[in-house]
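>>> okay, here's the prediction I keep looking at, along with the sequence it came from:
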Amino acid sequence: MCEDCGCTVTQTSVKDAGTVEVLGRLLDANNRAAGHNREHFNSHHVVAFNLMSSPGAGKTALLEVTIEALKSDFRLAVIEGDLETDNDARRIRAHGVPAVQINTGSACHLDARMIHEALHDLPLSKLDIIFIENVGNLVCPASFDLGQHRNVVLLSATEGDDKPAKYPVMFRAADLVLLTKMDLAPVIEDFDPLRAERAFRDLANAAPVIPLSARRATNLEPWVAWLRNEIARIRSTQAATQELHEPHHGHHHSAVA
Amino acid sequence: MHELAICQALISQVEEIAGQRTARVRQVRVGIGPLSGIEPQLLESAYPLACAGTRAEGSVLEIEHTDVRVRCRGCGAETMAAPNRLVCGVCGDWHTDLLAGDELLLLRVELETRQCEAEAPRV
């Protein structure tokens, strides 16, 4: 961990001899590390997307077609989170894109510190976009900010359209929902994309919902257009912020943290 | 099961507070909302494991549960809501802002002050 991420609890006051009143978020240390990652992304004009879903919803397949759609315009990299194996990272590398595999062991989510370590293995100054493929899990990853700019949540047709109602914390965090494996929807009678969207709106989230199929390469255009649009927006914010704060943060990322 | 990771983060904050006062921890109070992503029962079972070998070993975890409340952007009403249905309780619109329910807070730490004095260096 970087020295400038060192943590102290915010706002403590002694009520009586033995009681300390605290108002601190339990995940303050992770949130600080995430903020630090975000500073690194911003100072290198890198845009980071965090992909979350249940296991097998099609995150890697989506990334494979997305890489093909974007790689002529942007310099891409992928951080892969899995409990075991580097199968997904190898699939990504086969498309000519650098991929760092994080094996979390028994941990069910990526946290900001793991991303920070993975960033040491990526040439940030030679990248435009980093996709973080989180551990397949609709519960735990939602609680851990990684420093990403946007959260993309995948819901596959085979999972059932009531997933947003079952996992509200995850879907509330989404900046975009992709309904994946839509080529299978006709044979899965239980899945109604409109019902999925209604369950999602009930979480008071106005983010767009895009149905697509990575395997059949259908309806990828709105997804790629969303990415391009968000990349442009985030970059203009990064440029404006950099003008304000020049010279910025002087932490060298080649150093061992 | 990320509750153990959350618990470890909690204990490191608590240890820091206790360490500054060279005291042991008697009780820890946290505030948890249904939309925090934390299962209180799992937090309770992870707590003794995360405490082992720290200044908080043997301490009691108290959990303050909060309700989910939303404010409607349409009609302005403030109402209670279910964690998976954050719609306005008056007009039913889903365009609402969350007022409470996603808290994940360390609220209070109670220390054993007598032991604190005993451990403090004599002048």
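Everything's here; your move. Numbers count the residues shown, from 1 in each chain, chains lettered A, B, ... in the order given.
>>> can you list the weak-confidence ranges in the stretch 151-257 of chain A?
A:245-257 (pLDDT under 70).
>>> okay, strands next: where are they in it?
For the stretch 151-257 of chain A, the strands defined by DSSP state E, counting those that start in this stretch occupy A:176-180, A:209-211.
>>> what residues sit buried inside the helix or strand hosting A:Phe41?
Using DSSP states H and E, the element containing A:Phe41 is helix A:28-43. Buried residues in helix A:28-43, defined by neighbour count with 16 or more other C-beta atoms under 10 Å in any protein chain shown: A:28-34, A:36-43. Backbone N, C-alpha and C define where each C-beta goes, glycine included.
>>> which one of these sits closest to chain B?
Nearest to chain B, judged by C-beta to the nearest C-beta, of the buried residues of helix A:28-43 is A:Ala29 at 5.7 Å.
>>> gap between A:Asp88 and A:Val135?
A:Asp88 sits 11 Å away from A:Val135, taking C-beta to C-beta, to the nearest Å as the criterion.
>>> between those two, what contacts are shared?
A:Asp82 (C-beta atoms under 8 Å, 6 or more residues apart in numbering or on different chains).
>>> helices of the stretch 151-257 of chain A, start to end?
Assigned by DSSP state H, counting those that start in this stretch, the helices in the stretch 151-257 of chain A fall at A:163-166, A:168-172, A:193-201, A:220-245.
>>> pick the most buried one from these.
helix A:168-172 (a mean of 25; mean count of other C-beta atoms under 10 Å in any protein chain shown).
>>> do that helix and chain B meet?
Yes. Interface with chain B: helix A:168-172 contributes A:Pro168, A:Val169, A:Arg172 (C-beta under 8 Å from any C-beta of the partner chain).
>>> show me what contacts the first one?
When the contact criterion is C-beta under 8 Å, 6+ apart, the partners of A:Pro168 are A:Leu203, B:Leu35, B:Pro83, B:Asn84, B:Leu86.
>>> now it: how far from B:Glu15?
Going from A:Pro168 to B:Glu15 by C-beta to C-beta gives 32 Å.
>>> check the last one too.
Counting by C-beta to C-beta, the separation of A:Arg172 from B:Glu15 is 31 Å.
>>> now do A:Glu64 against chain B, distance only.
28 Å (C-beta to the nearest C-beta, to the nearest Å).
>>> export whichever strand or helix holds that residue to PDB, keeping only CA atoms.
Using DSSP H and E, the element containing A:Glu64 is helix A:59-70. Output in PDB follows, covering the C-alpha atoms of helix A:59-70 (Å, rounded to 0.1, in the frame of the first residue of the first chain):
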ATOM      1  CA  LYS A  59     -18.300 -11.100 -18.900                       C
ATOM      2  CA  THR A  60     -15.300 -12.500 -20.700                       C
ATOM      3  CA  ALA A  61     -17.200 -13.200 -24.000                       C
ATOM      4  CA  LEU A  62     -18.500  -9.600 -23.800                       C
ATOM      5  CA  LEU A  63     -14.900  -8.300 -23.400                       C
ATOM      6  CA  GLU A  64     -13.700 -10.400 -26.300                       C
ATOM      7  CA  VAL A  65     -16.100  -8.800 -28.800                       C
ATOM      8  CA  THR A  66     -15.700  -5.400 -27.100                       C
ATOM      9  CA  ILE A  67     -11.900  -5.500 -27.600                       C
ATOM     10  CA  GLU A  68     -12.400  -6.300 -31.300                       C
ATOM     11  CA  ALA A  69     -14.700  -3.300 -31.600                       C
ATOM     12  CA  LEU A  70     -12.400  -0.800 -29.800                       C
END
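>>> after it, which helix or strand is next?
Sequence-wise, the next helix or strand downstream of helix A:59-70 (DSSP H and E) is strand A:76-82.
>>> quick one: list the elements packing against that following strand.
For strand A:76-82, the packing partners by 3 or more C-beta pairs under 8 Å, 6 or more residues apart in numbering or on different chains; DSSP states H and E come out as helix A:59-70, helix A:87-93, strand A:99-103, helix A:112-119, strand A:129-133.
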